[in-house]
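# Provided below for reference: sequence and predicted model.
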Amino acid sequence: MRHFTTTKAQGDLHLVAIVDELVHIAHLHVIIMIVDIRTHLDFLDVLRLLRLAREVRLFLRLVAMLADIQQGMFAQARDRRDAKITRDVETFAEVEEFYTADTRYPGWLEVQWSKPTGDALAQVEDRLKALKLTIRNVPRDAEPADGPCIFTGEKAVERILIARAY
């Protein structure tokens with residue numbers, strides 16, 4: 001054990017602890033401690049379970065209320081959209097008449113078309129551009145096509161929505 005250095009005294013032992021304790025005793029504090037030896041099973045605490053059930057019920061009511069609000073707003077938006085769609089247009093002359101009328105927001109037209117390609121599609125686009133119209137979309141819930149295409153006169157395969165490009 002020669003490789004360890006010799007110990008040196010770090011200081012003298014003072015009676016600090018005894019003096020500190022005497023200071024605390026002089027204050028004469030009273031400390032009361034209640035000892036309970038019964039077992040506490042916190043996971044079986046009924047009040048906490050009831051509080052949790054109340055919070056879950058409140059959360060579920062909130063979710064149901066928000067779902068009702070969203071459903072009502074969706075129904076209003078769908079009704080407003082459907083009120084702006086005109087469906088009884090059979091010829092391109094009626095399209096021109098509908099969009100040249102002096103109305104600020106004419107709305108949408110649901111028309112039948114045959115999905116032309118190539119030059120026929122270019123002609124359809126030119127006719128629509130002349131009126132500042134565009135093809136918007138193909139509605140999923142539209143009735144099946146049962147007549148001629150208003151652009152080409154061929155048998156229609158689907159219905160589309162057209163509207164003014166602002």
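Done, it's in.
# what's the average pLDDT for the longest helix along the chain?
Secondary structure assigned by DSSP state H gives helix 46-83 as the longest helix of the chain. Regarding helix 46-83, the rounded mean pLDDT is 91.
# And the residue nearest the centre of the chain, how close does it get to residue 77?
Against the mean C-alpha coordinate of the chain, by CA atoms, centre = their mean, the closest residue is residue 70 at 10.7 Å. Distance of residue 70 to residue 77, computed by CB to CB, to the nearest Å: 11 Å. Quick note: C-beta positions are derived from backbone N, CA and C, even for glycine.
# rewinding a little: and the helix or strand following the longest helix of the chain, what does it pack against?
Using DSSP states H and E, the next helix or strand after helix 46-83 towards the C-terminus is strand 85-86. With contacts taken as 3 or more CB pairs under 8 Å, 6 or more residues apart in numbering; DSSP states H and E, strand 85-86 sits against strand 108-113.
# Show me the contact partners of the strand it packs on.
84-87, 89, 95, 98, 124, 136, 139, 142, 145-152, 156-163 (CB atoms under 8 Å, 6 or more residues apart in numbering).
# now those: which count as buried?
89, 95, 98, 124, 142, 145, 148-152, 156, 159-163 (16 or more other CB atoms under 10 Å).
# Write down the beta-bridge partners of the closest residue to residue 143 other than its chain neighbours, one by one.
Nearest in space to residue 143, with sequence neighbours left out and distances taken as CB to CB, 6 or more residues apart in numbering, is residue 159 at 6.8 Å. Counting by DSSP bridges, residue 159 forms beta bridges with residue 112.
# Next up, the contacts around residue 159.
110, 111, 112, 113, 138, 139, 142, 143, 145.
# how many other residues sit next to the second one?
In other words, residue 111. 24 (other CB atoms under 10 Å).
# Distance of it relative to residue 150?
Taken as CB to CB, the span from residue 111 to residue 150 is 5 Å.
# Report the set of residues contacting both of those two.
With CB under 8 Å, 6+ apart as the test, residue 111 and residue 150 both reach 89, 95.
# Which residue ranges make up the domains of the chain?
Taking automatic domain parsing as the reference, the chain has its domains at 43-83, 86-164.
# Point out the most buried one among the ones you listed.
Neighbour counts (mean count of other CB atoms under 10 Å) averaged over each of the domains of the chain peak at domain 86-164, with a mean of 14.
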